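> Just need the structure, nothing else, for what follows:
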Amino acid sequence: MNRTLVFDMDGTIANLYGVENWLEDLRNFNVRPYIIAEPMYDMNELRTVLELLKLQGWTVAITSWLSMDSTKEYDKLVRQAKREWLENPDLFPKATHKFEIKAEKDGYLSKMDAESIGIASVILGAGRETKEDTIDMSAGIVLNKKTGDKVVKGDTLATLYSCNEKSFKSSKEKFLSALEFSEKTIKEEPLVFDIVR
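Numbering: from 1, shown residues only. You can find the predicted model right below:
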């Protein structure tokens with residue numbers, strides 16, 4: 001069975017609404033906002049998730065909420081600009097520092113608390129602790145191991161990225177608090193539990 005994931009990027013992945021005169025440009029069929037908008041998500045992480053879905057037979061498509069009087073040519077340009085976000089993550093800001101979190105013992109990774117890992121990412125600058133905080137678009141965490149993986153002491157569990165090197169210590173502590181290990185093999189959970197029709 002063919003399965004398709006269709007999503008829109010406006011205001012969720014691309015900060016379209018942060019571009020000056022974005023609405024006026026789009027009404028004039030100008031795709032400039034889609035080209036210069038800043039990312040609101042770790043594009044490398046997103047690409048990894050989408051590639052995993054493709055390996056399981058999913059088709060990834062991008063939709064665009066265009067007005068009824070939009071032209072086919074403009075629609076094509078918008079979709080092309082949006083696809084650049086997925087196919088060229090190297091276009092976006094790069095962190096000036098990175099830090100690898102190493103496993104301290106052998107075992108199996110039995111649990112990863114998503115909320116704690118999210119907080120660890122916020123500490124790096126990938127999110128706001130207060131509304132006045134500035135988001136570091138290059139900050140984030142690459143998970144090198146997932147739940148169920150066998151881990152050997154010295155393996156890289158995750159790689160932290162940030163422009164604030166001083167944030168690594170606190171972020172590492174929060175990340176490690178999110179993990180649990182077992183001496184026994186862990187049953188791997190399915191990536192997709194069910195499909196709602």
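> use CA for all of it now, contacts and neighbours both
Will do.
> quick one: contacts for the nearest residue to Asp113 once chain neighbours are set aside?
Counting by Cα to Cα, 6 or more residues apart in numbering, Asp113 lies nearest to Ala178, which is 4.8 Å off, once chain neighbours are set aside. For Ala178, the contacting residues are 111-114, 116-117, by Cα atoms under 8 Å, 6 or more residues apart in numbering.
> Lys174 now?
Here Lys174 is in contact with 116-117, 119-120 (Cα under 8 Å, 6+ apart).
> top of those residues by neighbour count?
Ranked by neighbour count (other Cα atoms under 10 Å), those have Ala120 at the top, with 27 neighbours.
> Am I right that it falls within a helix?
Yes: using DSSP: H, G, I helix; E, B strand; the rest coil, the secondary structure at Ala120 is a helix.
> Which pLDDT value belongs to it?
On pLDDT, Ala120 comes in at 92.
> Can you tell me how far it is from Trp58?
Between Ala120 and Trp58 the distance is 30 Å, computed by Cα to Cα, to the nearest Å.
> ok, now Lys94?
In terms of Cα to Cα, Lys94 sits 29 Å off from Trp58.
> Doesn't Lys153 belong to a strand?
No: counting by three-state DSSP, one finds Lys153 to be coil, located in no strand.
> After the stretch of helix or strand Lys174 belongs to, which helix or strand is next?
Per DSSP states H and E, Lys174 falls inside helix 168-177. The helix or strand immediately downstream of helix 168-177 is strand 179-182, counting by DSSP H and E.
> Give the buried residues for that following strand.
Buried residues in strand 179-182, defined by neighbour count with 16 or more other Cα atoms under 10 Å: 179, 181.
> about what we covered before: so which two of the contacts of Lys174 are the farthest from each other?
Using Cα to Cα, the contacts of Lys174 span at most 6.2 Å, a distance reached by Ser116 and Ala120.
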